[in-house]
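**Q** my questions concern the predicted model and sequence given below.
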Amino acid sequence: MLIVRKTLIGIFCVSGLALAASVNTLQSFKQQIVSEDSELVKTIQGLDVYTYANQEQESFYWARTRVPFPISDCEAILDNIEKYIEWVPNMIEVHSVNIEPETVGTFYNAMDAPWPLRDRECLLAFEKMGVQDRAIGYTFKSFVDENFNYHPKREQVDMKGEWSLICIDGKETDVVYKISLEICDGVPASLARRYIQKLPVKNIRNFEQFLVQEFGN
């Protein structure tokens, strides 16, 4: 169910992102990333994909990799949301939406969908937290604004998830991506699951390629 809101309080500006929240220790940060009850679903393109359900019974899928880049490079990529269209799978439009003064940093996101489905769209709110230079997390969650001019030929989608970065030795970074997504009514559950299971792998692999493109081998 999409959450209808007129305002979102406390969303930060995503231009040279400042931390909106802090986590006291690296261990507590790691504990917040994924559930210990995660189950292995399958391996895709060399990455293990796991799933778990949170307390609200929302299903999340996630995967992890290690990249040969410092956490500052990874952070620079994820801070620059306006460039997500260059590497995020199926994204066809993204731009900031200043709905109200306290909600600068919310974004409009549109995604390509296979025929005969309509393309998807949503407003996303981001939050960034971290443990100094050792770990950084980016959470995103869709919401509905009653006064926003949505695209008449796109269908709104409900999604939430997180990018997590953990510094290994100053030269390498562990990257975790997790996603919970409602496709739409009318799509068989088995097809929807298969599609969502691939998203962590697609996002991580594209992220790796964009790191190389921006910062070299």
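**A** Sure, I can see it.

**Q** for the rest of this, base every contact and every neighbour count on C-alpha atoms.
**A** Noted.

**Q** what about the top helix by length along the chain, average pLDDT?
**A** If you go by DSSP state H, the chain has its longest helix at helix 189-215. Taken as a whole, helix 189-215 has an average pLDDT of 92.

**Q** for the remainder of this discussion, apply numbering that starts at 304.
**A** Sounds good: first residue 304 from here, last item helix 492-518.

**Q** report all helices and strands that that helix contacts.
**A** Helices and strands touching helix 492-518, as assessed by 3 or more CA pairs under 8 Å, 6 or more residues apart in numbering; DSSP states H and E, comprise strand 350-356, strand 362-370, helix 374-382, strand 476-485.

**Q** check contacts around the nearest residue to residue 373 once chain neighbours are set aside.
**A** Nearest non-adjacent residue to residue 373, counting by CA to CA, 6 or more residues apart in numbering: residue 474, 4.5 Å away. Counting by CA atoms under 8 Å, 6 or more residues apart in numbering, residue 474 makes contact with 371, 372, 373, 374.

**Q** columns neighbour count and pLDDT on top of these, output as JSON lines?
**A** Shown next, in JSON lines, are the contacts of residue 474 (neighbours: other CA atoms under 10 Å; pLDDT from 0 to 100):
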{"residue": "371", "neighbour count": "15", "pLDDT": "96"}
{"residue": "372", "neighbour count": "21", "pLDDT": "97"}
{"residue": "373", "neighbour count": "18", "pLDDT": "96"}
{"residue": "374", "neighbour count": "24", "pLDDT": "94"}
